[in-house]
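Trainee: predicted model and sequence below, questions to follow.
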Amino acid sequence: MTGTIHPITMPKWGLAMTEGLLAAWTAAEGARIEPGTEIVDIETSKITNALESQVAGTLRRRVAEEGQTLPVGALLGVVVEGEVAEAELDRFIAAFQAEAAAAAESAAPPPEPKIVQADGRAIRALVTGEGDGVPVVLIHGFGGDLNNWLFTQPSLTGRSVNSIDLPGHGGSGKDVGTGDLAALSSVVLAYMDAAGIARAHLVGHSLGGTVALSLALDAPDRVASATLIAPAGLGAEINGGYIDGFIGAQKRKDLKPHLEALFADPELVTRDLVEDVLKYKRLDGVDAALKAIAGQVFPGGRQAVSLRDRLGTAKVPLQVIWGTADAILPVAHADGLPAGIVVHRFDGKGHMVHMEAAAEVNRLIGDFIQGA
Amino acid sequence: MSRKSFRQAINEALAQEMRRDPRVILMGEDISGGSGAPGEQDAWGGPLGVTKGLHKEFGPGRVLDTPITESAFIGAAAGAAASGLRPVAELMFVDFMGVCFDQIFNQAAKFRYMFGGKAVTPLTIRTMYGAGFRAAAQHSQCLYPLFTHIPGLKCVIPSSPYEAKGLLIQAIRDDDPVIFFEHKVLYDMEEEVPDEPYTIPFGEANLVREGGDVTIVAIGRMVQMAKAAADMLAKEGIDCTIIDPRTTSPLDLDTILESVEETGRLVVVDEASPRCNMATDISAQVADHAFASLKAPIKMVSPPHTPVPFAAALEDLYVPNADKVAAAVRTVMGAPGRREAAE
């Protein structure tokens, strides 16, 4: 055997995913595969996404069939680099499946989020990954939670990866203090202190992007790099109707159209996604927390915080990622940034560009962290 | 967030609301266990252990064992609600409500209306209902249609632990009398339930499952039967929407109508006796408002019009199950045997 066999397996997207439906093969048997080539479409009750190859080679076998529902880690297909005989391939597939069946018997439980006491606040965090690399901290946006990073978190390797819930969000305490940017940023630093993280690569989305940027500017010794995905804080405009609508919606029917505005493709908003957000919004204290934060950061449908003028003074590497079809924060805010800040625009993707173009955004984050 | 049983979810809702609001008190038969008698206090926490531990935390001043006199203590709870407390009365079995109908139907339900909106009655009555417990004809009924019939009462029928906690907290915070129905067979059902307090608004149905072929409306424990049926039917290529109204009063008719307008087919699953139950009411309202959308006659799945049998084999036949729901769905889908099944 002179070639290398790469198994393509059912991914795990998010805490709740235990199995996925192979909706469609998008690559033919015999097709040339590069890193980033879409191989199959996977559907779960929460989300549908294309699985992209991490490796190069030839798609030699489609092992799983369209319409099959398979557990996380199950063999979907086989990509081969170089020369491998058919018999060798058969042996590999049989051995892999036997091993997977045995592993399923004694599988370690998936990582669970934990509550970390950070400067007197309960902060929920999901920590994955290991290695000596500088850790990553993922910071979601307004009304979001750590599950928004379901495609991002597993892709970052060689270091600890910490997705956290901001105060007032997800499973964290619902007291947001003043609810202004300084309050949110100080909580991220307090989490890093509590978790023993001296310096981190920050990745922030939307409101979390402003938090990451403010830390990059004000605490550069704690920040190795900042990736800002559709960040707030770079201009005055924001879709105020979205903010008010998200806070005000009590019912599924009222909430759904607002969640659809987050994505260029509204089909991505499933019944389960709406239900998860409703479950969050029903918790005691959430309504007051969201109103407090919005009142400080987005009063009257405008952004109160602009860090644009300070970008030139940044001492840490910054990159900006934006979808051109963002209906919440205009992609125009990425124009005219100081030279040295790398800007990536994704045609036709919405505010949740890290979910809608997950593989490419993951690659940009991974490469940026490696280079920083 | 952690896995909790239906029983634990209700216990947690009571404890959290009692901690939050000193006006919340509990009343009921044997809920603190052994008051006034020698021996261990709080030995049971009610006949099925739902209030276990609350007497210890909140004491005899807020967890009141009552005599076996529903007419007296339900009346007392209504009066306490009208004069500033937020009582949660436990009426062990809904079957016993007959002796205190006046207190509920003519008093608690009417206060707000007859005092010109100047009185509120924040009374919650928790009660067990439903068959499947080998408890015979006097301890197995589903009397929620009777209470749904009375303007001024709110009727809540949770279908799972998550639903039970959020709906009970909403009931305790609500300023009107609420009858809260707990199915005995669900007490050991477990699922993820947030540790924090939360509320689920009344009058908003839960869209349990989305499918384009048929709408199944199911109430309380019957949601489990509908889910099992939908899993079976999915393998036959029939995609079901399942709607859990959560509350029969107020009833979220809009969600049901919108779904029927999409699917054109309706099956209503109700464990209550078949005459004048929620299945007949919902079917009538859909026929009234969305007849033009229907592609097939509405099908109702309910028990026969008979007392709940004590004999185990007969009780099992009595309660609607997944097979009966699936058969009804196949009928409205126009499957073979439609004439026989339609009877």
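Mentor: That came through fine.
Trainee: okay, buried residues for whichever strand or helix holds residue A:201 please.
Mentor: Assigned by DSSP states H and E, residue A:201 belongs to strand A:200-205. Judged by neighbour count using 16 or more other C-beta atoms under 10 Å in any protein chain shown, the buried positions of strand A:200-205 are A:200-205. C-beta coordinates here come from the backbone N, C-alpha and C atoms, glycine included.
Trainee: now for it, which elements pack on it?
Mentor: Packing partners of strand A:200-205 (3 or more C-beta pairs under 8 Å, 6 or more residues apart in numbering or on different chains; DSSP states H and E): strand A:133-139, helix A:207-218, strand A:223-229.
Trainee: can I get those in a markdown table including distance to residue B:225, mean pLDDT and mean neighbour count?
Mentor: As requested, the helices and strands packed on strand A:200-205 are arranged in a markdown table below (distance: least, C-beta to C-beta, whole Å; pLDDT from 0 to 100; neighbours: other C-beta atoms under 10 Å in any protein chain shown):
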| stretch | distance to residue B:225 | mean pLDDT | mean neighbour count |
| --- | --- | --- | --- |
| strand A:133-139 | 41 | 97 | 24 |
| helix A:207-218 | 43 | 98 | 26 |
| strand A:223-229 | 45 | 98 | 27 |
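Trainee: looking at those, which is nearest to residue A:91?
Mentor: Comparing these against residue A:91 with C-beta to C-beta, the closest turns out to be strand A:133-139 (35.7 Å).
Trainee: tell me what the closest one is packed against?
Mentor: Other helices and strands packing on strand A:133-139, by 3+ C-beta pairs under 8 Å, 6+ apart, are strand A:159-164, helix A:181-194, strand A:200-205, helix A:207-218, helix A:358-371.
Trainee: which of the ones you listed has the lowest mean pLDDT?
Mentor: When mean pLDDT is averaged over each of those, helix A:358-371 scores lowest at a mean of 94.
Trainee: distance from it to the middle of the chain?
Mentor: How far helix A:358-371 lies from its chain's middle: 12 Å, per C-alpha atoms, centre = their mean, to the nearest Å.
Trainee: repeat that for stretch A:162-173.
Mentor: The chain centre lies 14 Å from the centre of stretch A:162-173; the measure is C-alpha atoms, centre = their mean.
Trainee: got a list of what the residue nearest to the spatial centre of chain A touches?
Mentor: Residue closest to the average C-alpha location in chain A (C-alpha atoms, centre = their mean): residue A:149, at 2.5 Å. Counting by C-beta atoms under 8 Å, 6 or more residues apart in numbering or on different chains, residue A:149 makes contact with A:138, A:140, A:163, A:354.
Trainee: which one of those is nearest to chain B?
Mentor: residue A:163 (15.8 Å; C-beta to the nearest C-beta).
Trainee: from the stretch 51-200 of chain A, which residue is nearest to chain B?
Mentor: For the stretch 51-200 of chain A, C-beta to the nearest C-beta, closest residue to chain B: residue A:171, 6.7 Å.
Trainee: give me the pLDDT for the residue nearest to the centre of chain A.
Mentor: Residue A:149 carries a pLDDT score of 96 in this model.
Trainee: and the helices in the stretch 201-343 of chain B?
Mentor: If you assign secondary structure with DSSP state H, counting those that start in this stretch, the helices in the stretch 201-343 of chain B sit at B:222-235, B:253-263, B:278-290, B:312-318, B:322-332, B:338-342.
Trainee: got those as JSON lines, with mean neighbour count columns?
Mentor: Converted to JSON lines, the helices of the stretch 201-343 of chain B look like this (neighbours: other C-beta atoms under 10 Å in any protein chain shown):
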{"stretch": "helix B:222-235", "mean neighbour count": "21"}
{"stretch": "helix B:253-263", "mean neighbour count": "19"}
{"stretch": "helix B:278-290", "mean neighbour count": "19"}
{"stretch": "helix B:312-318", "mean neighbour count": "13"}
{"stretch": "helix B:322-332", "mean neighbour count": "21"}
{"stretch": "helix B:338-342", "mean neighbour count": "11"}
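Trainee: quick one on the thing from earlier: what's the most distant pair in the contacts of residue A:149?
Mentor: For these, the farthest-apart pair by C-beta to C-beta is A:163 and A:354; their separation is 11.6 Å.
Trainee: which one of these two has more residues nearby?
Mentor: residue A:354 (28 against 25; other C-beta atoms under 10 Å in any protein chain shown).
Trainee: quick check, that one in contact with residue A:361.
Mentor: Yes. Applying C-beta atoms under 8 Å as the test, residue A:354 and residue A:361 come out as touching, 4.7 Å apart.
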